[in-house]
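Asks: just the structure for this:
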Amino acid sequence: MPLYMTQVGYTSEAVAALTRNPEDRSEAFGRLAETMGGRLVSFYNSFGEYDVLVIYEAPDESTAAAIVLAAVSPGHLSKAKTTVLLSTEEGMEAMRKAGEATYRAPSQ
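Replies: Predicted structure coming up:
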């Protein structure tokens, strides 16, 4: 199943709520992913531009997008950024395909 990484930022209200009452949000995200046919692989709290980094499997891109939309919909997240992750083999295949292609830069 394809892998996805989503980074999210909490709203200031969500940070305040979690500070008052800490909660393991990986459980909620894991349940959400499972109900939509996916699986939580890893969940990290982070400090910086984003507050959480989640790696999960989903059957396809539309399901991955639906998982993110469902997670964002309650309004407690201020931003979300999703990246498709490729295995080493998939990345090498992409490099091979790109090496066989030609593309003209502007004004060439």
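
Asks: just to be sure, Ser78 is in a helix?
Replies: No. Ser78 is assigned strand when assessed by DSSP: H, G, I helix; E, B strand; the rest coil, not a helix.

Asks: so it is in contact with Val15, correct?
Replies: No. Using C-beta atoms under 8 Å, Ser78 is not in contact with Val15, being 9.7 Å away. Backbone N, C-alpha and C define where each C-beta goes, glycine included.

Asks: so which residues of the chain form strands?
Replies: 3-10, 39-45, 52-57, 77-85 (DSSP state E).

Asks: so which bits of the third one are buried?
Replies: Meaning strand 52-57. The neighbour-count check on strand 52-57 (16 or more other C-beta atoms under 10 Å) flags Val52, Val54, Tyr56, Glu57 as buried.

Asks: quick one on the thing from earlier: any chance of the strands of the chain in TSV with mean pLDDT and distance to Ala98 as columns?
Replies: TSV is the format used below for the strands of the chain (pLDDT from 0 to 100; distance: least, C-beta to C-beta, whole Å):
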stretch	mean pLDDT	distance to Ala98
strand 3-10	98	20
strand 39-45	98	27
strand 52-57	98	25
strand 77-85	96	16
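
Asks: show me the one of those strands that comes nearest Pro22.
Replies: Each of the strands of the chain has some distance to Pro22 by C-beta to C-beta; the shortest is strand 39-45, at 10.3 Å.

Asks: can you dump the C-alpha coordinates of the closest one into CSV?
Replies: Provided in CSV are the C-alpha atoms of strand 39-45 (Å, rounded to 0.1, in the frame of the first residue of the first chain):
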residue,chain,number,x,y,z
ARG,A,39,-3.0,2.1,8.6
LEU,A,40,-0.9,4.4,10.9
VAL,A,41,2.8,3.6,10.6
SER,A,42,4.2,6.2,12.9
PHE,A,43,3.2,9.4,14.7
TYR,A,44,5.6,12.0,16.0
ASN,A,45,5.1,15.2,17.9
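
Asks: ok, and what's touching that strand?
Replies: For strand 39-45, the external contacting residues (C-beta atoms under 8 Å, 6 or more residues apart in numbering) are 1, 3, 25-26, 29-30, 33-34, 51-57.

Asks: perfect, that will be all.
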